[in-house]
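[1] Predicted model and sequence follow; I will ask about them next.
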Amino acid sequence: MAFDQLSNRLALAVKKISGQSKLTEKNMDEMLREVRLALLEADVNLTVIQQFLTDVKEKAIGMDVYTKVNPSQMVVKVVHDELVTLLGEKEAGLNLTHKPSYIMMVGLQGTGKTTSAAKLALWLSKKENKRVLLVAADLARPAAIEQLKILGASVDVEVFSMGIEAGVVNTVKESMAYAINQNFDTVIVDTAGRLHVDDDLMDELKQAYTVLRPQEVLLTVDAMTGQDIVTVADSFNKALKLSGLIVTKFDGDARGGGVLSVRKVTSVPVKFVGTGEKTDEFELFYPERMASRILGMGDVLSLVEKAEEKMDLEASMKGAQRLMQGTFTLEDMMDQLNQVAKLGSISGLLKMMPGASQMAAQINDDDANAQMKRSKAIIQSMTVEERQQPDLMRASRKVRIANGSGTSVAEVNKLLTQFEKTKEQMKMMMRMSGGNNPLSQMASKPGSNTRPNPNKKKKKR
Ligand SMILES: Nc1nc2c(ncn2[C@@H]2O[C@H](COP(=O)(O)OP(=O)(O)OP(=O)(O)O)[C@@H](O)[C@H]2O)c(=O)[nH]1
Ligand SMILES: [Mg+2]
């Protein structure tokens, strides 16, 4: 797929920074350098790259990511949001308010005009419930009309043609009258291509354009042509005022630079992508999803967002910090249980974490919830003293707690064992990772999600 290489490169750049326990201006600059190389390799326009990096840096400073919990993921979010901006914020959609609305397909030879015309016809009739008419106005060679007729039949859409001798302007005029008369909603006009942008081609297209006065002029560009996309889009846009791009052959291994640059340089949005030769291999272009895909971490982003919204970060951090320091108590454990409950189902959470989806499949949410509730009840039945010093727990106390929480002594014991185990596992994880995991980052940044914390220097592991 297009963008795969860029995606791998960016993932590497970002992975490097997420291995850092602390985000500093220095490792931020290092990451930006990697991002720059990745974009250069993907053949993104130089001015676009420069602006992109400046924006990312400014946003990161503006968000004060250096004092945030898990700052590296914040940086990933900043990079992601800037990619979205680059690709056009929101899906562009088509202007279909006129009846009939006219869509003109233009593009260089072999870029996929005819195929995309049929794909779009299918998409409009399926998704938008439109009665579509295809018009054969590529009269450069007889085979073009035949190709459109075959494609039209395969998507069950009528094709209007007056043969090769009729002339482009005449064909367009007649097709408009026919569409109005026959009550069509949308008319898609297929036109001829050339090897290069030349005056002959532009003259012919301009004539058709003047007659048709289309609401949409869609330029097909081949994803594989890289930076040429920008140059071609620019010349077509000057002559015809493009309303959007269809990027074809996205299923190939294009580097993606042209697609990433074209919006910024020409202001023409990408509206669709073609992802194969078949007529249903065609998708609306969503900048948001594309950016997530490029970064290969769409789900982590929603997880960060969800956590930002729902969790009391301050409280979680304190708990995590004490966990690291070995001063984690049952009270903290209850806090954590409450925090996790706020985020929704356990399996849902696991699914959002890369590599944990298998674990998610093994979890029964009802069991997990019931278990969590029982654990909370047990802790609630303890005195403050007992919560802070579980070692105090004797048999008689355990019976009291079991009765108070409607559980059994066995379950109380199980919880206490689990609590000790968690503490042990945490210590082990800390030793193994040498502090390079998200939890240790949390531990080293107590309560620092908004305000600077005077106790910051006191961290220890
Ligand atoms: N893999 C892949 N092939 C595509 C895609 N879109 C078009 N093609 C193929 O590209 C070739 C050219 O497509 P056409 O639709 O004939 O291109 P055109 O712009 O109409 O070409 P001319 O009319 O000769 O200028 C055909 O073999 C299509 O099957 C796509 O999204 N993916
Ligand atoms: Mg064609």
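    Sure thing, it's come through. For clarity, every value in this text was computed on a predicted model and none was experimentally measured. Numbers count the residues shown, from 1 in each chain. Ligands and ions are numbered 1, 2, ... in the order given.
[2] From what I see, residue 138 and residue 159 are in contact.
    No: in this structure, residue 138 is not within contact of residue 159 by CB atoms under 8 Å, at 11.8 Å. From N, CA and C alone the C-beta is placed, and that goes for glycine too.
[3] okay, and the common contacts of those two?
    Common neighbours of residue 138 and residue 159, using CB atoms under 8 Å, 6 or more residues apart in numbering, are residue 148.
[4] What pLDDT does the model give the nearest residue to residue 110 once chain neighbours are set aside?
    Nearest non-adjacent residue to residue 110, counting by CB to CB, 6 or more residues apart in numbering: residue 193, 6.7 Å away. Residue 193 carries a pLDDT value of 90.
[5] Wait, a strand at residue 193?
    No: using DSSP: H, G, I helix; E, B strand; the rest coil, the assignment for residue 193 is coil, not a strand.
[6] Quickly note the distance from it to residue 173.
    Going from residue 193 to residue 173 by CB to CB, to the nearest Å gives 22 Å.
[7] More neighbours: which of those two?
    More crowded of residue 193 and residue 173, by other CB atoms under 10 Å: residue 193, with 20 against 16.
[8] so the more buried one touches residue 115, yeah?
    No: using CB under 8 Å, residue 193 is not in contact with residue 115, being 11.9 Å away.
[9] tell me, how many neighbours does residue 400 end up with?
    Applying other CB under 10 Å, we find 16 residues neighbouring residue 400.
[10] Excluding covalently adjacent residues, which one is nearest to it?
    In this structure, residue 400 finds its nearest non-sequential neighbour in residue 381, 7.6 Å apart by CB to CB, 6+ apart.
[11] Near ligand 2, which residues of the stretch 51-200 of the chain? Just list them.
    113, 114 (CB under 5 Å from the ion).
[12] Which parts of the stretch 51-200 of the chain are helices?
    Ranges of helices in the stretch 51-200 of the chain, per DSSP state H, counting those that start in this stretch, are 71-87, 113-127, 142-154, 168-181, 199-212.
[13] Residue 325: which of those helices is closest?
    Closest to residue 325 of the helices of the stretch 51-200 of the chain is helix 71-87 (CB to CB; 20.9 Å).
[14] next one: that closest one to chain centre, how far?
    Its chain's C-alpha centre and that of helix 71-87 lie 10 Å apart, by CA atoms, centre = their mean, to the nearest Å.
[15] What is that helix packed up against?
    helix 4-18, helix 25-41, helix 46-62, helix 257-266, helix 287-295, helix 298-310, helix 438-443 (3 or more CB pairs under 8 Å, 6 or more residues apart in numbering; DSSP states H and E).
[16] tell me the most buried of those helices?
    Comparing the helices and strands packed on helix 71-87 by mean neighbour count (mean count of other CB atoms under 10 Å), helix 257-266 ranks first with a mean of 24.
[17] re earlier: nearest to residue 241, out of the helices of the stretch 51-200 of the chain?
    Across those, residue 241 has its closest neighbour in helix 199-212 (8.4 Å, CB to CB).
[18] Would you mind listing the outside residues contacting that closest one?
    Identification of contacts with helix 199-212 by CB under 8 Å, 6+ apart yields 102, 104, 106, 137, 168-169, 172-173, 176, 189, 191-194, 217, 239-240.
[19] can we see that at 7 Å?
    The contact list for helix 199-212 (CB atoms under 7 Å, 6 or more residues apart in numbering) reads 102, 104, 106, 137, 168-169, 172-173, 189, 191-192, 194, 239-240.
[20] Could you check the angle it makes with helix 168-181?
    For helix 199-212 against helix 168-181, the angle by axes from the mean of the first three to the mean of the last three CA atoms, to 10 degrees is 30 degrees.
[21] Please identify the buried residues of helix 199-212?
    Within helix 199-212, the residues scored as buried using 16 or more other CB atoms under 10 Å are 201, 202, 204, 205, 208, 209, 211, 212.
[22] Over to stretch 186-196?
    186, 187, 188, 189, 190, 191, 192, 193.
[23] is it true that the last one touches residue 107?
    Read that as residue 193. Yes: using CB atoms under 7 Å, residue 193 and residue 107 qualify as a contacting pair, with a distance of 5.7 Å.
[24] Show me the common contact partners of the two, please.
    Shared contacts of residue 193 and residue 107 (CB under 7 Å, 6+ apart): residue 113.
[25] is stretch 256-265 anywhere near ligand 1?
    No: Stretch 256-265 lies apart from ligand 1 when judged by CB under 6 Å from any ligand atom; the minimum separation is 13.0 Å.
[26] now swap in stretch 186-201 and tell me
    Yes: counting by CB under 6 Å from any ligand atom, ligand 1 has neighbours in stretch 186-201: residue 193.
[27] go on, stretch 124-135?
    No: judged by CB under 6 Å from any ligand atom, stretch 124-135 makes no contact with ligand 1; its nearest approach is 12.3 Å.
[28] mind saving the C-alpha coords of that stretch as CSV?
    Only the C-alpha atoms of stretch 124-135 are listed here, as CSV (Å, rounded to 0.1, in the frame of the first residue of the first chain):
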residue,chain,number,x,y,z
LEU,A,124,-22.8,7.5,-6.0
SER,A,125,-25.6,5.1,-6.8
LYS,A,126,-24.8,2.8,-3.9
LYS,A,127,-23.9,5.3,-1.2
GLU,A,128,-25.8,8.4,-2.2
ASN,A,129,-28.7,6.8,-3.9
LYS,A,130,-28.2,8.9,-7.1
ARG,A,131,-29.4,8.1,-10.6
VAL,A,132,-26.1,8.5,-12.5
LEU,A,133,-25.4,9.0,-16.2
LEU,A,134,-21.9,8.3,-17.6
VAL,A,135,-20.9,10.3,-20.7
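[29] Give me the average confidence score over that stretch.
    Average pLDDT, stretch 124-135: 95.
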